[in-house]
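**Q** Structure for the following, please:
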Amino acid sequence: MGMPEKPYAPTTSIGSEKLSGPPPVAQLRPAAVSRRSALKLAAAALGCAAGQQVRADGGTSTLADVLSRRRTGDSAFKSIAQSDYRANLAEFGGQLRAPWERLLGSLPRPSAWQFDVLIIGSGYGASICAARLAAALRPGGRLGVLERGREWVPGTFPDRLKDVTDASRLQLLGGNKGTARDPTGLFNVQQFNEITLLSGCGLGGSSLINASVAIRPDREVFQQSVWPARLRDRVYLEPYYELAIAELGVRVEPLDHSDKMAAQRIAAERLAGRGARFEPAALSVTRSPQGNQLPVLNRQNIRQRNCIDCGDCLTGCNVGAKNTLAMNYLPMARRAGAEFFTQTEVHRIEKLDEGYRVFFTVSISDGQGAFMRCPGTTTTRVLILGAGSLGSSEILLRSQADCLQLSSRLGCGWTGNGDALGFITKSQIRTGIGGQSAYEFPCPPVGPTIQTNVTYPWRPLAGRVLIQEGTAARAYVNSLGILMHDLDLDQTQILLGMGHDGAAGRISLNERGFGEVNWPGILESDYRRLIRHEFEQIAAAMGGDYRFLKVFGDRMISVHPLGGCGMADDPACGVVNDKGQVFDGRGGGDFDHHTAAARVHAGLYVVDGAILPTSIACNPFLTISALAERASDLMIAEPQYADLFAAD
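**A** As a prediction, the model looks like this:
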């Protein structure tokens, strides 16, 4: 269903003598595209599309093709995905979220706290803690999760540009740039002086819009002196990596499953002499053994469907094939009694005797684009921050007080994980990166957003990079096709890079009390020159040209923000310990004479990407998941929580 009747063999032949050897790097300097250039390209491209654009490889794109991507509608794939989701959650009324009244009102409880455990956020760290801790709570215990985004049902994600921009959480342009336009928006784009951040807002966090690549960092990453001593050998995390891999349904992509995948392999083979190593990526995506659209039951007994290789992972899977947290850990937590409160944004916390008060606002839509804001507070004995690197850091920055003194390292050591974005144009190897979304399409499979890893494992750690290929989701195909002068996107490759950027960014609060990232010098750094040089090499190996775009400013772009609450062995070096417990910063960081360890604020944790003390040069969700699995185990085993949790 939605796939070619005959197996498709991707093009792997070179078909041009031009590629007998890569041209010198000096001939492949980056070509920036200004706004004026983009408009000229748009006019030229649309002029071609008005009739038909015909290329040497036989690809065509008509005006009908271009216009069709500006329309949206129902499809069999979307309808099935919506039905599956509601059937999976039928015992809870077809949804995960709980009524706001249960949060805004006080419930009679035998304890002094409204919650025994309260978790802020619902990304990988938060969802895993919710699942594990809810399952371990003794009878009568209460665990809640506060998520500022809304619950998204597969089959309802945006698949055209207008709907994507409408789903932006913040104003992107104009005098109100950076202010909330839709507090429940899916796409959280934050623009700072040197860097732009993209993260997902919704029940499941960035898992809703990520590329699902599961990969372990190099062992040497953990051996750096800034990591806590207990984690400097990756072997201690291996059982937790394996557990997360199993729960998230990770599997390796079939070799040469798409044109873009084969193109990346060919390029890596041509760069083998420079130390490049190619491998198919491991993804948390469902692929049916039969390759059909019959339902597949995952490890958590949740019904999913086979990936149709539509290329729309980054705007939300409308097929139900992507193993987002809404397909695994969140249902696990819900079945164990966790309560999920969506559209609830936390502002700050206050330390009480043996617990915490949380201040939040619930945004309730009127159904016509406006929101009613309902402020509230609640209390909890154990509080876990899992709001992401910027979110968790800014909540703690706002909450510092005499009774909640924190490490002076709060906000320091921030990294974009070395994320970089580049483009190859005029590739001599077919790429086919134009996303199709959840509709029937006769063309060859586009594939999931990312399917390959190109690494350089023999270099010193500082010079190692990871380069992956990407797709353009259907909503972006027209725009990128115009910019690249390639409406079919068959000769264009998107490059996504990661590396070791030095983690010298800093999070601070602006005049409005919101977190912002500052990193003077990153745009002129050796790392930025390194990753662009590597992009040039990949482009040369494909016989194409390397470009970076300045349409949105000459900033770094990160989808993997890390740090701000880095782990360490003491508060002079970090904000939390290896368990995620927040250091007590009084007196510069006192030591507990009974444990010979740095004092912590009892019951306060951070368990998300904020606690990583360095970049890890690979997609981080698997490492965040492993750390959360470990933190949950240790939390349940804490003697002070023996009355809360029933440890195995």
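**Q** Phi first, then psi, for the spatially closest residue to residue 521 that is not a sequence neighbour.
**A** If the residues on either side of it in the chain are set aside, residue 521 comes closest to residue 504, at 7.8 Å by Cβ to Cβ, 6 or more residues apart in numbering. C-beta here means a position set from N, CA and C on the backbone, and glycine is covered the same way. When quoted as degrees, to the nearest 10, the phi and psi of residue 504 stand at phi -110, psi 10.
**Q** tell me which residues of the helix or strand where residue 266 lies are tucked away?
**A** Using DSSP states H and E, residue 266 sits within helix 259-270. By 16 or more other Cβ atoms under 10 Å, the buried positions in helix 259-270 come out as 259-268, 270.
**Q** CSV for the residues you listed, including pLDDT and distance to residue 618?
**A** Compiled in CSV, these are given as follows (pLDDT from 0 to 100; distance: Cβ to Cβ, whole Å):
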residue, pLDDT, distance to residue 618
259, 97, 24
260, 98, 19
261, 98, 18
262, 98, 22
263, 98, 21
264, 98, 16
265, 98, 19
266, 98, 22
267, 98, 19
268, 98, 16
270, 98, 23
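**Q** ok, those vs residue 451, which is closest?
**A** Using Cβ to Cβ, the shortest approach to residue 451 within those belongs to residue 261, at 4.4 Å.
**Q** Quick check: longest strand in the protein by residues?
**A** Looking across the chain with DSSP state E, the single longest strand is strand 371-385.
**Q** ok, back up a step: output the helix holding residue 266 in PDB, but only the C-alpha positions, please.
**A** Taking only C-alpha atoms (Å, rounded to 0.1, in the frame of the first residue of the first chain), the coordinates of helix 259-270 have been written out as PDB:
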ATOM      1  CA  ASP A 259      18.800   6.600  -3.500                       C
ATOM      2  CA  LYS A 260      20.100   9.100  -0.900                       C
ATOM      3  CA  MET A 261      21.400   6.300   1.200                       C
ATOM      4  CA  ALA A 262      23.300   4.700  -1.700                       C
ATOM      5  CA  ALA A 263      24.600   8.200  -2.700                       C
ATOM      6  CA  GLN A 264      26.000   8.700   0.800                       C
ATOM      7  CA  ARG A 265      27.600   5.200   0.700                       C
ATOM      8  CA  ILE A 266      29.300   5.900  -2.600                       C
ATOM      9  CA  ALA A 267      30.700   9.200  -1.300                       C
ATOM     10  CA  ALA A 268      32.000   7.600   1.900                       C
ATOM     11  CA  GLU A 269      33.700   4.800  -0.100                       C
ATOM     12  CA  ARG A 270      35.500   7.400  -2.200                       C
END
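**Q** Name the strands paired with the longest strand of the chain and say parallel or antiparallel.
**A** The pairing partners recorded for strand 371-385 under DSSP bridges are strand 115-120 (parallel), strand 355-365 (antiparallel), strand 600-606 (parallel).
**Q** among those strands, which is the most enclosed?
**A** Per-stretch averages of neighbours, counted by mean count of other Cβ atoms under 10 Å, single out strand 115-120 among those, with a mean of 27.
**Q** which residues touch that strand?
**A** Applying Cβ atoms under 8 Å, 6 or more residues apart in numbering, the contact partners of strand 115-120 are 126, 129-130, 133-134, 137, 141-146, 346, 356, 358, 378-387, 391-392, 395, 644.
**Q** Of these, which count as buried by neighbour count?
**A** Going by neighbour count (16+ other Cβ under 10 Å), the contacts of strand 115-120 have 126, 129-130, 133-134, 137, 141-146, 346, 356, 358, 378-387, 391-392, 395, 644 buried.
**Q** list the buried ones in the helix or strand following the longest strand of the chain?
**A** Sequence-wise, the next helix or strand beyond strand 371-385 is helix 388-399, with elements assigned using DSSP H and E. By neighbour count with 16+ other Cβ under 10 Å, helix 388-399 contains the buried residues 388-399.
**Q** which one of those sits closest to residue 550?
**A** Of all the buried residues of helix 388-399, residue 390 has the smallest distance to residue 550: 24.3 Å, by Cβ to Cβ.
**Q** who's in contact with the closest one?
**A** Here residue 390 is in contact with 190, 197, 199, 507, 515, 517, 561, 564, 610 (criterion: Cβ under 8 Å, 6+ apart).
**Q** One more: residue 431?
**A** Shown here is residue 431, whose contacts under the criterion Cβ under 8 Å, 6+ apart are 259-260, 263, 424, 469, 489-493.
**Q** Likewise for residue 311?
**A** Contacts for residue 311 (Cβ under 8 Å, 6+ apart) come out as 433-436, 446-449, 471-474.
**Q** Now secondary structure, pLDDT and distance to residue 74 too, for those residues, in a markdown table please.
**A** As requested, the contacts of residue 311 are arranged in a markdown table below (DSSP: H, G, I helix; E, B strand; the rest coil; pLDDT from 0 to 100; distance: Cβ to Cβ, whole Å):
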| residue | secondary structure | pLDDT | distance to residue 74 |
| --- | --- | --- | --- |
| 433 | coil | 97 | 25 |
| 434 | strand | 96 | 21 |
| 435 | coil | 95 | 18 |
| 436 | coil | 94 | 15 |
| 446 | coil | 96 | 21 |
| 447 | coil | 97 | 24 |
| 448 | coil | 98 | 23 |
| 449 | coil | 98 | 23 |
| 471 | coil | 97 | 23 |
| 472 | strand | 97 | 23 |
| 473 | coil | 97 | 18 |
| 474 | helix | 95 | 15 |
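**Q** Out of those, flag the one nearest to residue 310.
**A** residue 436 (4.6 Å).
**Q** Now the closest one, what are its backbone angles?
**A** Backbone torsions for residue 436, taken as degrees, to the nearest 10, come to phi -120, psi -10.
**Q** Grab the nearest non-local neighbour of it.
**A** By the measure of Cβ to Cβ, 6+ apart, the closest residue to residue 436 outside its immediate chain neighbours is residue 310, 4.6 Å from it.
**Q** surely residue 321 meets residue 303?
**A** No: counting by Cβ atoms under 8 Å, residue 321 stays clear of residue 303, with 11.3 Å between them.
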